[in-house]
Structures are given as structure tokens and as C-alpha cells.
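Participant: 3D model of this:
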Amino acid sequence: MNERIRQLAEQAKQSALDAMIKIADKEQALKVYSETYDTKFAELIVAKVLDEVATRAYVSGDRAWSDDADRPWIELEFGFGKLAEMKK
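Facilitator: As a prediction, the model looks like this:
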């Protein structure tokens, strides 16, 4: 596994552990862990890709990408970020 992916997986794992630690029922705790891990891992990957796109757009001078305008819409498509929270 790529080292950057491994780091994101570790961050997702920690978020999932934090989410399940307060749940007494073992079966429910495992379900929360699994759901939290999957969601957080996906969000971290999308966020990292968006960071890379923004960096490359800046370096190349690409004016077609606007981090301020485009990032929130991409995050919304994947169900997280400011616009997704507003939609809920």
C-alpha cells in the first residue's frame, strides 16, 4: 500500500476508534467503527486528491480550477464539507 494511503487509513482508523469507544454494546460498536472508518477514509482520500488538484492548478497557472469555488461542490458530491452540512 502506498505510504500516503496508509497514513490516511491510520487517520480513519483513529476516527473510527474514537467514535466507537463510547458505545457499550459490542455489536453496535463494531458497526459504528466500520461505518465511521469507511466514511472517514473516503473523505480523507477525496480531500487529499482535491489538495493535489489545487496545488497542480496553482503551479501550472490553470485558471479553470478555483479551490474556493470548486472544492465545496466536489465535497458536496461526496457528501461532506460545508455545503453538505448546509444541505442536511
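
Participant: wait, what's in contact with L30?
Facilitator: Under the criterion of Cβ atoms under 8 Å, 6 or more residues apart in numbering, the contact list for L30 reads M20. In this view, the C-beta of every residue, glycine as well, is placed from N, C-alpha and C.

Participant: what about it, is that helix, strand or coil?
Facilitator: Using DSSP: H, G, I helix; E, B strand; the rest coil, the three-state assignment for L30 comes out as helix.

Participant: again with A64
Facilitator: At A64 the chain is in coil, as set by three-state DSSP.

Participant: pLDDT wise, what is it at?
Facilitator: Note on A64: pLDDT of 80.

Participant: List the contacts of it.
Facilitator: Taking Cβ under 8 Å, 6+ apart as the contact definition, A64 lies against A57.

Participant: try it again with 10 Å
Facilitator: Applying Cβ atoms under 10 Å, 6 or more residues apart in numbering, one finds that A64 lies in contact with A57, D70.

Participant: How about G79?
Facilitator: For G79, the set of contacting residues under the criterion of Cβ under 10 Å, 6+ apart consists of T39, A42, E43, V46, E85, K87, K88.

Participant: ditto for K13
Facilitator: With contact taken as Cβ under 10 Å, 6+ apart, K13 is in contact with Y33, T36, Y37, K40, F41.

Participant: so which of those is the most crowded?
Facilitator: Neighbours here mean other Cβ atoms under 10 Å. Within the contacts of K13, the largest count is held by K40, at 21 neighbours.

Participant: Look up phi and psi at it.
Facilitator: phi -60, psi -40 (degrees, to the nearest 10).

Participant: Test my guess that it contacts V32.
Facilitator: No - in this structure, K40 is not within contact of V32 by Cβ atoms under 10 Å, at 11.7 Å.
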